[in-house]
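Based on what follows, work out the 3D shape:
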Amino acid sequence: MNKIFVTVSGGCAYVIEGTVPLGFVVEIVDFDNIDVGDSFPSDDAHEYYTKNNLYAPPRPTQR
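Numbers count the residues shown, from 1 in each chain. Below is the predicted model of the structure:
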């Protein structure tokens, strides 16, 4: 199955199923949720984003 990853940071994402091509599935990757401890929606998404350097965890705030 082919996947389309949709990245969200600081907002909302909605997928209208009728616009997704046949044979594809859409996964929404919400960086805000991941930053606070949630997991990527799938192992495929985690692998893709980390392998291509598209996500870096937030750095701790320095005082």
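
Just the pLDDT at Ile28, thanks.
For Ile28, the pLDDT comes out at 96.

Give me the most central residue, this protein.
Val29 (1.7 Å; CA atoms, centre = their mean).

Wait, a strand at that residue?
Yes: according to DSSP: H, G, I helix; E, B strand; the rest coil, Val29 belongs to a strand.

and it, what are its bridge partners?
Beta bridges link Val29 to Thr7, judged by DSSP bridges.

And the nearest residue to Ser9 once chain neighbours are set aside, how far from Asp43?
Using CB to CB, 6 or more residues apart in numbering and skipping residues adjacent in sequence, the residue nearest Ser9 is Phe31, 4.3 Å away. Where you see a C-beta, it was placed from the backbone N, CA and C, and this is true even at glycine. Noted for Phe31: a distance of 17 Å to Asp43, by CB to CB, to the nearest Å.

Kindly report the same for Ala56.
In terms of CB to CB, Ala56 sits 19 Å off from Asp43.

One more: Gln62?
As judged by CB to CB, Gln62 and Asp43 stand 32 Å apart.

before we move on, back to that, tell me which of Phe31 and Asp43 has more neighbours.
Taking neighbours as other CB atoms under 10 Å, Phe31 and Asp43 compare with Phe31 leading, 19 against 9.

Report the contact partners of that one.
Counting by CB atoms under 8 Å, 6 or more residues apart in numbering, Phe31 makes contact with 7-9, 55.
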